[in-house]
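>>> for reference, the sequence and a predicted model appear below.
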Amino acid sequence: MLYAFGYFIGFETARTIMQRLAIPDKGCDVHQLYFPINDWLAKQGKTKPLVGPIRHPHSGFQPIRGMHGLLLVTRFERRFEDQPLADIENDSDRQVKDWLIQESGAKESDLSWHSCLDETGLADNGTMPFRNDFAGKESRYRLKPDQIGRYIRSGKGWPAFLEEMRENGEHVQQLE
């Protein structure tokens, strides 16, 4: 089992950090702010923290699209079920925390140490911040099974594939 360790922040704190560091939100919905933050961190050459949305029911925040806020991941650890979890901050973790407070203006009271099972796939794109060109509001589409297969086999990005389907006169249902 893979566990993530880091600092939990609410979405409002994420916006404050983004303003202080001049990270453009790229028109993202609040639950998607991890995309521009990770992009900015990667462009700055930062290897920590990796940022991702998590469920954290004890945070006191209302969920948005099922997520309560963002986890600023400082490390991952693989554990078996019967192994104890050492849920303590180390020096490397505190360096990230100090950077967040000094550079981004985050308040120490807005950063809570947190560990959790990586059930939302935080490490799916690797364990470091990643470059991405995600922008705009989330769009959802309903595709037929054959369209999904063609999209996967095409190797194209979604915008190019969607445009190709529309040029070929295929109907693609956009959901609200």
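Done, it's in.

>>> hmm, who's touching stretch 104-118?
Contact with stretch 104-118 is made by 1-10, 13, 16-17, 20-21, 54, 56, 59, 71-72, 76, 85, 87, 89, 93, 97, 100-101, as judged by CB atoms under 8 Å, 6 or more residues apart in numbering. C-beta: built from backbone N, CA, C; applies to glycine.

>>> narrow those residues to those that are buried.
Buried members of these, scored by 16 or more other CB atoms under 10 Å, are 3-10, 13, 16-17, 54, 56, 59, 71-72, 93, 97, 100.

>>> hmm, back to that, quick one: which of the contacts of stretch 104-118 sit in strands?
2-9, 54, 71-72, 76 (DSSP state E).

>>> between those residues, which sits nearest Gln147?
Ile54 (31.3 Å; CB to CB).

>>> residues touching the closest one, list them.
Neighbour list for Ile54: 4, 8, 67-71, 114, 116, 120, 122 [criterion: CB under 8 Å, 6+ apart].

>>> let's go with 7 Å and repeat that
Ile54 makes contact with 67-69, 71, 116, 120 under the criterion CB atoms under 7 Å, 6 or more residues apart in numbering.

>>> as CSV, the residues you listed with secondary structure would be great.
Below are the contacts of Ile54 laid out as CSV (DSSP: H, G, I helix; E, B strand; the rest coil):
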residue, secondary structure
Met67, strand
His68, coil
Gly69, strand
Leu71, strand
Cys116, strand
Thr120, coil
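
>>> any chance of these in TSV, plus distance to Arg166 and pLDDT?
What follows is those, written out as TSV (distance: CB to CB, whole Å; pLDDT from 0 to 100):
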residue	distance to Arg166	pLDDT
Met67	31	75
His68	37	85
Gly69	36	90
Leu71	37	94
Cys116	40	88
Thr120	32	82
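
>>> is it possible to mark the buried ones in those?
Using 16+ other CB under 10 Å, the buried members of the contacts of Ile54 are 67-69, 71, 116, 120.

>>> okay, domains of this structure per the record?
Annotated domains of the chain cover 2-125, 140-175 [automatic domain parsing].
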